[in-house]
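**Student:** Fold the following for me, if possible:
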Amino acid sequence: MSQNTEAPAARTQRGVADLFTAAGRLAVIPRKPARREQLLVHLAQTLFATDRDYTESEVNGLLRTVHEDCAALRRYLVIAGHLIRTRDGSGYRRATTTL
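**Tutor:** Residues are numbered from 1 along each chain as shown. Have a look, this model is predicted:
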């Protein structure tokens, strides 16, 4: 049996590259949960700093840089636990466990 000694972040990076166009836009939001989770980890790591609060407008702006349906991506990120939303829904923060 061979073991994959590649770092998890490297596997995630390579694993989502085919989801993006040459222009860096997300071609489609994956329907399969495992594939979507790979994408969400990638987005959380690349778009959001761990030590910063974001307004909903800022989150939407960052997500729009990769896909027009920022509401769906934002919802998926929150449900998966990669973004934490304040109780009133006005603020967001990247979860510290997203690595």
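**Student:** mind listing the strands for the chain?
**Tutor:** 53-55, 83-85, 91-94 (DSSP state E).
**Student:** what would the ones you listed look like in CSV with mean pLDDT and mean neighbour count?
**Tutor:** The way it works is simple: take the backbone N, C-alpha and C, and place the C-beta from them, glycine included. As requested, the strands of the chain are exported to CSV (pLDDT from 0 to 100; neighbours: other CB atoms under 10 Å):
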stretch, mean pLDDT, mean neighbour count
strand 53-55, 97, 14
strand 83-85, 96, 19
strand 91-94, 96, 19
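**Student:** Nearest to residue 30 among the ones you listed would be which one?
**Tutor:** Among the strands of the chain, the nearest to residue 30 by CB to CB is strand 83-85 (17.8 Å).
**Student:** Show residues contacting the closest one.
**Tutor:** The set of residues external to strand 83-85 that reach it, using CB atoms under 8 Å, 6 or more residues apart in numbering, is 44, 48, 59, 74, 77-78, 91-95.
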